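>>> make a model of this:
(one chain, ligands or ions: 1)
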Amino acid sequence: MITNRTFTMLKPDSLEKGNTGAILHKINASGFKIVAMKQTLMSMRDAETFYAIHSERPFFADLVQYMTRGPIIAAILEKDNAVEDFRALIGATNPAEAAEGTIRNLFADSISENAVHGSDSDENAQIEGTFHFSGREIF
Ligand code: GDP
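Numbering: from 1, shown residues only. Okay, the predicted model is just below:
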């Protein structure tokens, strides 16, 4: 199924390094329209819930610590084939394996601190967007 929306977070390292403008420009320049966006600080409970699928993984505690150490920018993006195209734009989870010119290739330092999140399915895009935004915040 091809849908037109995905969900992203610019992670704390992107904000700390002052990369938000450059990353948002790249997202827009790649054809994605921002239909919802906010800067927010995730609580530990938020991060544990958002990443619950990874709760048994050895890096889970580090992941929660990373995602709560400073603000993030959450956004819902619109474009034809949004989920797949955005995953291609951000590149592989490990920036060392991310294709040249992808956001993680350009702005991420490591597999743990990898600059951005992108939903991996239409179903998760819907769940993750609803986690961060009410209907009144989506345009
Ligand atoms: P994604 O969909 O590309 O973000 O990757 P995953 O869903 O597999 O992992 C979620 C997030 O957990 C990643 O974006 C990283 O921030 C973090 N992560 C994944 N693998 C590792 C790892 O091996 N070590 C650490 N410390 N963090 C990881």
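
>>> which residues does the most centrally placed residue in the chain bridge with?
Closest to where the C-alpha atoms of the chain average out (C-alpha atoms, centre = their mean) is His117, at 2.2 Å. When assigned by DSSP bridges, His117 has beta-bridge partners Met9.

>>> tell me if I'm right that it and Met9 touch.
Yes: counting by C-beta atoms under 8 Å, His117 does reach Met9; the two are 4.1 Å apart. C-beta here means a position set from N, CA and C on the backbone, and glycine is covered the same way.

>>> convert the C-alpha atoms of stretch 110-125 to PDB, please.
Provided in PDB are the C-alpha atoms of stretch 110-125 (Å, rounded to 0.1, in the frame of the first residue of the first chain):
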ATOM      1  CA  SER A 110      27.200   6.900  15.100                       C
ATOM      2  CA  ILE A 111      24.600   4.100  15.000                       C
ATOM      3  CA  SER A 112      23.300   5.300  18.400                       C
ATOM      4  CA  GLU A 113      23.300   9.000  17.700                       C
ATOM      5  CA  ASN A 114      22.000   9.000  14.200                       C
ATOM      6  CA  ALA A 115      20.300  12.400  13.800                       C
ATOM      7  CA  VAL A 116      16.800  11.500  12.700                       C
ATOM      8  CA  HIS A 117      14.000   9.000  13.000                       C
ATOM      9  CA  GLY A 118      11.800   7.900  10.100                       C
ATOM     10  CA  SER A 119       8.800   5.600  10.400                       C
ATOM     11  CA  ASP A 120       9.400   2.100   8.900                       C
ATOM     12  CA  SER A 121       5.800   1.400   7.800                       C
ATOM     13  CA  ASP A 122       2.600   3.100   7.100                       C
ATOM     14  CA  GLU A 123       1.100   1.600  10.200                       C
ATOM     15  CA  ASN A 124       3.900   2.900  12.400                       C
ATOM     16  CA  ALA A 125       3.800   6.300  10.700                       C
END
